[in-house]
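Undergrad: following is a predicted model, sequence given first.
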Amino acid sequence: MEKQFSTTPLAKSSVVARFKTPALIGVMAASLTAAMTVGFGPASSAATSVSTTLTKSKVVLTIDDETGFPLTDKLAAAFTKQYPNITFKINRDSFANLTANSPRLLASNNAPDLIRMPTIGNTVKNGLLLNLDPYFKAYGWDKWSAAQLAGMRVNPKTNVRGSGSLYQLGLGYSVTGVFMNMALAKTVGITTIPTTLGQFEADLALAKAGGITPITEGDKDGVVNFAVQAAMNDYGNRQKLSDWINNVPGATYDTPGNIQGANLIRSWADAGYFNSDINAVDYFTFTQNFVNGEGLFTFNGNWEAAEVQAKLGANARFFLFPAVQEGAPHVAMGAPNSFSVAAKAKHPNEIVFFLNWIHSNAIARQITLDVSGATPGGDPALPLPKVAAGSMTQQGLQMAAQLAKDNGYIDFMANATAGIYANAIIPESQLLVGGKITGTEFVKAVQAEYAKELAGN
C-alpha cells in the first residue's frame, strides 16, 4: 500500500489516525489495497493536445477530495479569483470511502478531473490515470526535486513505483527531522544544534549525564522508526532503500548500511538514550510529552511544527537529522498529499495548469503553507512563502529546500508493502529498542516478512 503516510491537515485526532500513527492505517491496509486492485479495462479519453495556455472559455473543474481537507477549497477560490472563467465543483467523501472507491470513480463516465489518491494500486496498470510526462516536459518540471517526485512515478509495464512515468503531484509535501528543546539543552551546556552524527551522539551523552531524557519517543505504534530510518538514511544508500520501498525486483533491505543504522539505534537503547517506557507509549503521548518539556530531542515531521511552536516557542529548534560527515547531503523521509488526474478527465490541460499554478504561484504556495503547514514543492529556486522569522514553520521550509537541493527525499519504509509495518516493523522495532535483538536480526526479520508478502504468502 503506497502512501500510508498522508499530510492531511485535519482535526488532531484524524491527523493522528491518518498520518502520524501509521499503525492504525496498517490495520486497514489489506482491505484498502484490495479495494485498489479491482480490475477495470483501460480507460479511454478523448485525445487532447498538451497545452500550457489556459483556455478563455468557461470551464468547471471537478475535484474528488476527502472530507476535512480545506486546502483544495482555498486554492480553488484563489484560482477562480485570478481566472474567473474557471470554477470548481469539489466532491467530498471520507478518507476510507474515497480510497476504496477511487477505481470506480475513475472508470466512470463522470470521472473527476482530479482525485485525491493516497494509494495508486492497479490504477495505472488499468489505464485509469493520466500520464503527466508530456506536461512534465512542457512545464519544465525537471527543475523540481526528482527525489520528491519519485514516489509518484510508476512503471506502467511492471506497476512498480519509484521510476517510470509521472502519475501524481502533491498538494503540499511533508518533511521529517528532529525537534530539539533548547531550554533543556542549555542546562547541560549545549547551545547549538548538532551538525554531524558525532555531535548528535555527544549531545545525547550530555543529556543523559545531566538527568535529561535524551530522546523522547513512543514505539507502541512503531513511530520510533522515524529514528530507525533516519539512522539508516545516514549509513545506507538512498536509491537502494528507495528501490526496496518501491518493490523494485531484486531490491533488499538486508544491506550493510541498514544493519549499521539499526545497530546504532540498539546502541542508543542500551545507553538509555530513549525513555524507559518507550514500548508502552503511543504517538500522541510522546508528542505531548515532548512539548511539555520531556526530552532533549524527538524525531518527527513538519506537521507538528505548529504544536511545538505553540508550546515551546523560541526554546525549540527543528532540523534535518545530521549526516555522518559535516556538509554531506541530507536524506530524510517525506511524503506528498498526492492527487492524480483521471485518464477520463474532461479538462486535462486546465486541471494540470491548476496543479502547476499551485506549485509555482506565490499566492498558491503561501496558501499551501498557511492551510496545511506543508511545504509547497515546485522549483527549489522559487522564493519560500512568508513565515514568522525563526518559527518552526520557517525552519521546516528551510529543511525542505535543503532536502530538495540535496535530492534527498525518500519515502517511509513503512510504505513498502501493505503488511510490513504491522507484521514486522512495529514488533521487531519494539524488540530492538527493548534490547532483545540486534540490528542484524531486525533487518533480516523485516526482509523476511517483505519477501513473504511479495511472494503472496
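TA: In hand now; what should we look at? Residues are numbered from 1 along each chain as shown.

Undergrad: and the strands in the stretch 351-457 of the chain?
TA: For the stretch 351-457 of the chain, applying DSSP state E, counting those that start in this stretch gives strands covering 409-410.

Undergrad: where does it dip in pLDDT?
TA: By pLDDT under 70, the stretch 351-457 of the chain has no low-scoring segment.

Undergrad: now do the helices in the stretch 1-150 of the chain.
TA: Ranges of helices in the stretch 1-150 of the chain, per DSSP state H, counting those that start in this stretch, are 12-15, 22-36, 71-82, 95-107, 133-139, 146-150.

Undergrad: what's the least confident stretch among the ones you listed?
TA: Per-stretch mean pLDDT for the helices of the stretch 1-150 of the chain is lowest at helix 12-15 (a mean of 32).

Undergrad: residue most distant from the centroid, this structure?
TA: Ser57 (36.6 Å; CA atoms, centre = their mean).

Undergrad: distance between the ends of stretch 370-380?
TA: One end of stretch 370-380 to the other measures 18 Å (CA to CA, to the nearest Å).

Undergrad: hmm, who's touching that stretch?
TA: For stretch 370-380, the surrounding residues in contact (CB atoms under 8 Å, 6 or more residues apart in numbering) are 7-9, 70-71, 74, 143-145, 148, 169-175, 302-303, 305-306, 336-337, 358-360, 364-365, 368-369, 385, 393, 396-397, 400-401, 404-405. C-beta here means a position set from N, CA and C on the backbone, and glycine is covered the same way.

Undergrad: among the residues you listed, which are in helices?
TA: Judged by DSSP state H, the contacts of stretch 370-380 include 71, 74, 148, 305-306, 358-360, 364-365, 368-369, 393, 396-397, 400-401, 404-405 as members of helices.

Undergrad: show me which of the residues you listed are buried.
TA: 71, 148, 305, 358-360, 364-365, 368-369, 393, 396-397, 400-401, 404 (16 or more other CB atoms under 10 Å).

Undergrad: need the max-distance pair from those.
TA: Greatest spatial distance in these: Ala305 and Ser360, 23.4 Å, computed using CB to CB.

Undergrad: what segments of the stretch 51-200 of the chain are strands?
TA: So, for the stretch 51-200 of the chain - with DSSP E, counting those that start in this stretch - the strands run 59-66, 86-93, 114-116, 153-155, 160-161, 165-166, 169-173, 176-181.

Undergrad: tell me how far stretch 304-317 lies from the chain's centre.
TA: 21 Å (CA atoms, centre = their mean, to the nearest Å).

Undergrad: sheet partners, orientation included, of the helix or strand harbouring Phe339?
TA: Using DSSP states H and E, Phe339 maps to strand 336-341. Note on strand 336-341: by DSSP bridges, its sheet partners are strand 114-116 (antiparallel), strand 169-173 (antiparallel).
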